[in-house]
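**Student:** Got a sequence here, can you model it:
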Amino acid sequence: MEDASYESQIEQRRLGRTGLMVSALGFGASELGQKRVGLKLAESILGRALDAGLNVIDTAECYGNSEELIGRAVGHRRNDFYILTKCGHAAGLPMRDWTPALIEASIDRSLQRLRTTYVDVIQLHSCDERYLRRGELIEALQRARDKGKVRYLGYSGDGAAALFAITCGVFDTLQISISIADQAALDGVLPAARSHDIGVIAKRPIANAVWLSGSWWSRALYSRSYRLRLRRLNYDFLNRDPKAAVGIALRFTLSVPGVHTAIVGTTQASRWQQNAALLKAGPLPQAEFDAIRQRWRAVAQPDWMGLP
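**Tutor:** Here you go, the predicted model:
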């Protein structure tokens, strides 16, 4: 995959100590499953994203039929992308969450759904710190790696659990909330990730673009926290051109030191070329980046943590 024949339109970055060269823009596949996207549309969305140079697809065991869609839509292009999925929730399996047996069964199910013999990164999915500290889940992941079912181990989550995942020395990647509406990780967790050479995957890097009226996320209960935060943050650029603000938000996240890829979801086939074009402007100018950080420090509340 590192020798892909197409010319990428998107910057690539080394994903920490994994050494994987990942596109700065990745695909977050939760919406594919949540919105029950049809196969033809999934083929168009993912195919056009891969053609544009995107090489990271992130999904999870509990994102509806997302894994199946990915396998059916682009399984034949397995060498063109890295697949990241998650485990920990039973999501239909007749087992308890957060058990070693569930981890093993969930990984096997993901492999079958994705039509692959291995995943590049398997991530514990918003696992509570108390389960991490028991060690048995980590041992289950390590067994899967030893059997060749996964290449690298990751943790997806925020706060104290994310910090423990970094410092325990087992995980290779961290998926964490980073956006104009979610900056708690920048002061505590990310410096630790950089010092341990952890690959960082930014989830919800544009805060679900909740300022775009009429969008699904602007109405979803799940995004209510971001809507309330942005109302109080009242960034100047959100009061001008709402769509141009997507570019500023995405460039902000990718300008954060230590962030390697930002995963964005969509159900519109043309969105990836549009997002790739936004990144051609390069990193956010330092003055704009600093203004967003200063506004966050002035307004953010102690409980403004990453969403699960």
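**Student:** ok, now how distant is the residue located most distally from the centre of the chain from Gly247?
**Tutor:** Distance to the chain centre peaks in the chain at Arg240, reaching 27.7 Å (criterion: CA atoms, centre = their mean). Arg240 sits 12 Å away from Gly247, taking CB to CB, to the nearest Å as the criterion. In short, each C-beta sits where N, CA and C put it, glycine included.
**Student:** Mind listing the residues bridging to the residue nearest to the spatial centre of the chain?
**Tutor:** When CA atoms, centre = their mean is applied to the chain, the residue found nearest the centroid is Lys203 (3.7 Å). Beta-bridge partners for Lys203, by DSSP bridges, are Ser177, Ile263.
**Student:** after the lowest-mean-pLDDT helix or strand in the chain comes which helix or strand?
**Tutor:** Every helix and strand of the chain was ranked by mean pLDDT, DSSP states H and E. The lowest is helix 216-219, at a mean of 62. Scanning forward in sequence from helix 216-219 by DSSP states H and E, the next helix or strand is helix 224-233.
**Student:** neighbouring contacts of that next one?
**Tutor:** 179-182, 204, 207-208, 210-211, 218, 238, 295-296, 299-300, 304, 307 (CB atoms under 8 Å, 6 or more residues apart in numbering).
**Student:** out of those, which are buried?
**Tutor:** Buried members of the contacts of helix 224-233, scored by 16 or more other CB atoms under 10 Å, are 179-182, 204, 207-208, 210-211, 238, 295-296, 300, 304, 307.
**Student:** low-scoring stretches of this protein, by residue?
**Tutor:** Filtered on pLDDT under 70, the chain yields the residue ranges 1-9, 214-219.
**Student:** one more time with 90
**Tutor:** 1-10, 31, 33-36, 52, 188, 208-209, 211-224, 239-244, 266-282, 306-308 (pLDDT under 90).
**Student:** What segments of it are strands?
**Tutor:** Ranges of strands within the chain are 12-14, 21-23, 25-28, 56-58, 82-87, 119-125, 150-156, 173-177, 199-203, 261-264, based on DSSP state E.
**Student:** of the ones you listed, which approaches Gly135 most closely?
**Tutor:** strand 119-125 (12.2 Å; CB to CB).
**Student:** Quick one: distance of that closest one to the chain centre.
**Tutor:** From the chain centre to the centre of strand 119-125 is a distance of 11 Å (CA atoms, centre = their mean, to the nearest Å).
**Student:** Equivalent analysis for stretch 46-56, please.
**Tutor:** Worked out by CA atoms, centre = their mean, stretch 46-56 lies 15 Å from the chain centre.
**Student:** Residues contacting that stretch, please?
**Tutor:** Counting by CB under 8 Å, 6+ apart, 1, 4, 6-10, 12, 22-23, 25-27, 57, 70, 73-74, 77, 80-82, 84, 201, 261, 263, 269-270, 272-273, 276 sit against stretch 46-56.
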